[in-house]
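Novice: the following block contains a protein sequence and its predicted model.
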Amino acid sequence: MEQAQHHEFNIFSFDLGGYDRGHKLLRRGYFENVEAIVYVIDSLDKERFDSAQSELEQLLSEEKLRGLPLLVFANKQDLATIAK
């Protein structure tokens, strides 16, 4: 977990990297008082799209996270032409 502060906002970031680790974070109460979710995916890693989708669905099914504003950020789109 990493923490940053910008003006009156406290930002906590987690590298979930798989549902098992993410689920443990939920059980430990890291998502108390969350007001929004930014979900970052690697847009070049097409092999993980299905697991990223499943992981996001699991997170959004949690009571503490339902109805929150959500931004899905597809990282590395600028590198798509370089990777081909």
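Specialist: Noted; the coordinates are in hand. What you see is a predicted model, and the numbers here were worked out from it, not measured in a lab.

Novice: CA only for contacts and neighbour counts going forward, please
Specialist: OK.

Novice: what's the next secondary structure element after the helix or strand bottoming out on mean pLDDT in the chain?
Specialist: Every helix and strand in the chain was compared by mean pLDDT, DSSP states H and E; the lowest is helix 19-27, with a mean of 55. The helix or strand immediately downstream of helix 19-27 is strand 37-42, counting by DSSP states H and E.

Novice: quick check: Gln5 touching Ile11?
Specialist: Yes: assessed by C-alpha atoms under 8 Å, Gln5 is found in contact with Ile11 at 5.9 Å.

Novice: with just CA atoms, put the longest helix along the chain into PDB.
Specialist: Ordering each helix of the chain by length in residues (DSSP state H) puts helix 49-61 first. The C-alpha coordinates for helix 49-61 follow below in PDB (Å, rounded to 0.1, in the frame of the first residue of the first chain):
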ATOM      1  CA  PHE A  49      -8.100  -8.600 -19.500                       C
ATOM      2  CA  ASP A  50     -10.500 -11.400 -18.400                       C
ATOM      3  CA  SER A  51      -8.900 -11.700 -14.900                       C
ATOM      4  CA  ALA A  52      -8.800  -7.900 -14.500                       C
ATOM      5  CA  GLN A  53     -12.500  -7.800 -15.400                       C
ATOM      6  CA  SER A  54     -13.300 -10.600 -13.000                       C
ATOM      7  CA  GLU A  55     -11.300  -8.900 -10.200                       C
ATOM      8  CA  LEU A  56     -13.100  -5.600 -10.800                       C
ATOM      9  CA  GLU A  57     -16.500  -7.300 -10.700                       C
ATOM     10  CA  GLN A  58     -15.500  -8.900  -7.400                       C
ATOM     11  CA  LEU A  59     -14.400  -5.600  -5.900                       C
ATOM     12  CA  LEU A  60     -17.600  -3.800  -7.000                       C
ATOM     13  CA  SER A  61     -19.800  -6.600  -5.500                       C
END
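
Novice: so what's the residue nearest to the spatial centre of the chain closest to, chain neighbours aside?
Specialist: In the chain, the residue lying closest to the centroid (C-alpha atoms, centre = their mean) is Tyr39, at 3.1 Å. If the residues on either side of it in the chain are set aside, Tyr39 comes closest to Val72, at 4.8 Å by C-alpha to C-alpha, 6 or more residues apart in numbering.
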